[in-house]
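Enquirer: sequence and computational prediction follow.
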Number of protein chains: 2
Amino acid sequence: MSERTKIKDIARVAGVSTATVSRALSDSSLVTERTREKVREAATRLNYRLNVRARNLRIQKSMAVLLVVRNMSNPFYLEIFKGVEEVARAAGFVLLMGNTEDDHDREVEYFDMLRDGQADGMILMTGNMPADHEIVRDASGMTPIVVALEAIENSNLAHVQIDNCAAAKQAVHHLADLGHKRIAHICGPLPEILSRLRLEGYRKAMAEAGLDIPANYEPVGNYSIQSGCECARALFDDVNPPTALFVANDEMAFGAIGELRRRGLRVPEDVSVVGFDDLFISQSYSPPLTTISQPRVEIGRTAMTMLLDIINARLSSPVVTEMQTSLIVRESTGAADQR
Amino acid sequence: MSERTKIKDIARVAGVSTATVSRALSDSSLVTERTREKVREAATRLNYRLNVRARNLRIQKSMAVLLVVRNMSNPFYLEIFKGVEEVARAAGFVLLMGNTEDDHDREVEYFDMLRDGQADGMILMTGNMPADHEIVRDASGMTPIVVALEAIENSNLAHVQIDNCAAAKQAVHHLADLGHKRIAHICGPLPEILSRLRLEGYRKAMAEAGLDIPANYEPVGNYSIQSGCECARALFDDVNPPTALFVANDEMAFGAIGELRRRGLRVPEDVSVVGFDDLFISQSYSPPLTTISQPRVEIGRTAMTMLLDIINARLSSPVVTEMQTSLIVRESTGAADQR
DNA sequence: TTGTACGCGTTATCAG
DNA sequence: CTGATAACGCGTACAA
């Protein structure tokens, strides 16, 4: 490894100075076409490769962005990763993965990495921001962080998000339009803003449809398949079970449908189910799941594009971009039984 | 940013040299407890943070590992990511994501990153190795690459893998034991080694069970839901359709089951289906899918652990570790119809 | 347009 | 045990 050729070697071979080599290789306009050629030729002949570490130290950048999620094995993130990766690599950035497992210390660690220059920017998909953390700011006073699909209030950070409340309303209205009167909501973990917004959308839609919400119609899960199962159990063990379910994410919807099947209830004949997220698998679930779709790849692209804008100082104030969702009607919802 | 304190500042404040500061902070034994304390105190007082870039340039490491997959949005990788991340971060390494999309140029790019020292090691989950690429070797002559769940023949690289052939045999024997005679195999893309091994397992098991394989019983897919659907269509459009399916991965199994449902065929009453992979969703599919489970988190951990062993020169020759798979019998398989 | 010389922030080597 | 100083490899004022 110590025999890697460096610009010094090229300089010697090409008969110029290291400065000229550096300039020639980075297409500076301050060098003649002829010398540039000479340098280039020497570089390829010597099999030269730029030392990225040295350059990064010199230019004070890392050319890396940090993508931080709560739980790396959540399938929801997959297409977002892809969108981010696509834009990042096109811009010459590498992608550093961060996984917090909702652990505060780990969150701090990633903020530290950003502050320490191990990454030039961060896409944050945990709804948390270490409270007392010294906020990173670049030269133009912007913080190179984009919050995606979560909301950090009063943070003055750039966000890319969806209208959770409106999407939830749309889902519930779909069920009401099918004639359902007893519509329950399996809710996400409750202190969280996303869950709250979806719950709020559910309640608003129910009110608009003139429907009551019985006391037990809002069981709280934690977005896992297992918890969807448990919430459905509670709902259908009770008297006055619902005929339709709006579930705060697809995984809990899968759990709920599993529980229904075990009880001999058919979807959608006996119970209609709407999910939220449109996981890659939802379209080929049996039955194919009616759900709210978010343009995840596009969200990833947008977040990374915004981050690049901040990093390159093309943005002077934190932007909030709202992405469009859509209700995908498949086979897990049907008209209410007319009994 | 330029006002970040550096060891020089600490040195000045603590009244020692930069060398001593460096030693004190890295717990070198070459420094008195007293000076160490003095330095530490100055460091915290000045709010010192190590400049990782500078250190990495100096020590010629990047403390990063590259995790390269064919397709970042394949849900199969999720738990592997997690296992790798867990071990990597415990060892102080950051995780760099690579996505090749089966593009040769991109593969080369990641090999280049490794060679250029942008990463100290690589976990490779594409079955490919740029043919003419200069092979990276560290001081001890080892290549810091671990191939996970793929096989690169004649490469002399460390591998962590499963016995695809044996697992496939187990799946097919399960179906044969249930009394099925007409068992078809939906195969993965065929030049690939994994697909070949699973196909080989299928054929061996069929031979052992004394069963024939009709000409059209080995349709070839590409691991996508869509292709599972198409293969099932071909199989059941034909005369002499099978009563059981061994599918090379779960996604194609989902596609196949979807197609069966559209044709009014029930699983498992009319057709039994066995998948391969045990995706997170497979247990709560309807019906819950019988499939081959791989210990994915453990595979990730093992791969990363092996990589660390290579990087830290604790390994002197490429190791091949084989992980255990198991057949998980759920509700998508049942006894053959006795008609 | 080119060359000289320095700085980026550490760690390692060698004297003392 | 500590200090001065040389790398690590590149980019860029500044001078020519």
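Expert: Looks like it arrived, so ask away. Computed from a predicted structure; not experimentally measured.
Enquirer: can you pull the residues of the stretch 51-200 of chain A lying near chain B?
Expert: By C-beta under 8 Å from any C-beta of the partner chain, the residues of the stretch 51-200 of chain A that approach chain B are A:51-54, A:56-57, A:60, A:62, A:64, A:67, A:72-75, A:78-79, A:81-82, A:85, A:89, A:94-97, A:99, A:112-113, A:115-118, A:138-139. From N, CA and C alone the C-beta is placed, and that goes for glycine too.
Enquirer: and those, which of them are in strands?
Expert: Counting by DSSP state E, those place A:64, A:67, A:94-97, A:99 in strands.
Enquirer: most neighbours among the residues you listed, which one?
Expert: The most crowded member of those, judged by other C-beta atoms under 10 Å in any protein chain shown, is residue A:67 (29 neighbours).
Enquirer: what's the distance between the closest residue to that one other than its chain neighbours and residue A:149?
Expert: Leaving aside its sequence neighbours, residue A:67 sits nearest to residue A:123 (C-beta to C-beta, 6 or more residues apart in numbering or on different chains; 5.0 Å). Residue A:123 is 10 Å from residue A:149, where distance means C-beta to C-beta, to the nearest Å.
Enquirer: which one's more surrounded, those two?
Expert: residue A:123 (29 against 24).
Enquirer: so the more buried one, which state does it fall into?
Expert: Following DSSP: H, G, I helix; E, B strand; the rest coil, the label given to residue A:123 is strand.
Enquirer: how about the contacts made by the residue of the stretch 101-250 of chain A at minimum distance from chain B?
Expert: Taking C-beta to the nearest C-beta as the measure, the stretch 101-250 of chain A has residue A:225 as its residue closest to chain B, at 4.9 Å. Neighbouring residues of residue A:225 by C-beta atoms under 8 Å, 6 or more residues apart in numbering or on different chains: A:251-252, A:254-255, A:258, B:280-281, B:283-284.
Enquirer: neighbours of the closest residue to residue A:319 other than its chain neighbours, how many?
Expert: Nearest residue to residue A:319, sequence neighbours excluded (C-beta to C-beta, 6+ apart): residue A:158, at 5.2 Å. For residue A:158, the neighbour count with other C-beta under 10 Å is 25.
Enquirer: for chain A, what lies in contact range of DNA strand C?
Expert: A:15-20, A:23, A:30-32, A:34-35, A:57-58, A:60 (C-beta under 7 Å from any atom of the strand).
Enquirer: show me how chain A divides into domains.
Expert: Under the assignment automatic domain parsing, the domains of chain A span A:7-50, A:62-163+A:296-324, A:164-294.
Enquirer: tell me which of those sits most buried.
Expert: Of all these, domain A:164-294 has the most neighbours on average by mean count of other C-beta atoms under 10 Å in any protein chain shown, namely a mean of 21.
Enquirer: can you give me the strands in the stretch 201-339 of chain A?
Expert: Taking DSSP state E, counting those that start in this stretch, the strands of the stretch 201-339 of chain A run over residues A:244-247, A:272-277, A:290-293, A:320-323, A:326-328.
Enquirer: still on that earlier bit, from residue B:241, how far out is the closest residue to the residue of the stretch 101-250 of chain A closest to chain B other than its chain neighbours?
Expert: For residue A:225, ignoring the flanking residues on the chain, the nearest one in space by C-beta to C-beta, 6+ apart is residue A:255 at 4.0 Å. Distance of residue A:255 to residue B:241, given as C-beta to C-beta: 33 Å.
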